[in-house]
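Student: coordinates only, sequence not included:
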């Protein structure tokens, strides 16, 4: 996937290295953090300053798939969040909706919780208030400090959860792409609303469901020969499926 990484410090550097290790194309990092900036420049990756203008437009031109926020304390504007195909996600070191804000780890320890964890969520206008996508739990050992919990569990959870979400999304179709495909295919408003309720609850849909929903295949996966070739080709390309491989 084509990724823009925003954030800083050792966690963002670890996420950058993991993304590259998974063969993702990190097209830019958006940071004023010296550690992340240096790591990106060493790898020949473009660096954007926090005050850069028209970041949303830049991401659209670069055909960015997802914006990943890692140890970032800056608000991301709506235009930038919505520019990538899959939107923008972040990692928070608590089991959201508990302990929103920058002190999530400290609050877990201060509250005496026996169970902690981390969350991947969709960025929105609030602080850590977006839709939760994936979580992982761990036991909080007696006597642990916030630093212990972060170092022993939550740092690694964040890197792994980001990796897992992007791996899942590589085989799926984002909500806005599916909605556009359904509208183009001629489904009426009630049909679109019915299917979007299912998709919105999950954040994406697998390609086979999209093809079936918009009428490109029947329930058995057999291609419908009645679909207009030009329309089908346009929809498939939007879903990153090669029309050349389709026998229609």
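Tutor: That came through, no problem. What you see is a predicted model; the values in this text were computed from it and never measured.
Student: And the closest residue in space to residue 84 that isn't next to it in sequence, how far from residue 39?
Tutor: Leaving aside its sequence neighbours, residue 84 sits nearest to residue 64 (Cβ to Cβ, 6 or more residues apart in numbering; 4.4 Å). All C-beta atoms are positioned from the backbone trio N, CA, C, and that covers glycine. If you measure residue 64 against residue 39 using Cβ to Cβ, to the nearest Å, the figure is 19 Å.
Student: returning to that earlier point: just the element for the residue nearest to residue 84, please.
Tutor: Taking DSSP states H and E as the definition, residue 64 sits outside all helices and strands.
Student: count of residues packed around it?
Tutor: Number of residues near residue 64 (other Cβ atoms under 10 Å) recorded here: 25.
Student: show me what contacts residue 55?
Tutor: Residue 55 is in contact with 30, 48, 77, 79-80, 83, counting by Cβ atoms under 8 Å, 6 or more residues apart in numbering.
Student: Any of these buried? List them.
Tutor: Buried residues within these, defined by neighbour count using 16 or more other Cβ atoms under 10 Å: 30, 48, 80, 83.
Student: My guess is the last one contacts residue 64. True?
Tutor: What that stands for is residue 83. Yes. Using Cβ atoms under 8 Å as the test, residue 83 is close enough to residue 64 to be in contact (6.7 Å).
Student: related to what we said a few turns ago, dump the contacts of residue 55 to TSV, plus distance to residue 1 and pLDDT.
Tutor: Listed next are the contacts of residue 55 as TSV, based on distance: Cβ to Cβ, whole Å; pLDDT from 0 to 100:
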residue	distance to residue 1	pLDDT
30	16	94
48	18	93
77	22	90
79	20	90
80	17	91
83	14	90
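Student: Reformat those as a markdown table; add distance to residue 112 and secondary structure.
Tutor: Converted to a markdown table, the contacts of residue 55 look like this (distance: Cβ to Cβ, whole Å; DSSP: H, G, I helix; E, B strand; the rest coil):
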| residue | distance to residue 112 | secondary structure |
| --- | --- | --- |
| 30 | 37 | strand |
| 48 | 41 | strand |
| 77 | 37 | coil |
| 79 | 41 | helix |
| 80 | 38 | helix |
| 83 | 42 | coil |
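Student: Looking at those, which is nearest residue 108?
Tutor: For those, the minimum distance to residue 108 (Cβ to Cβ) is 28.1 Å, reached by residue 30.
Student: how much space between the closest one and residue 88?
Tutor: Going from residue 30 to residue 88 by Cβ to Cβ gives 11 Å.
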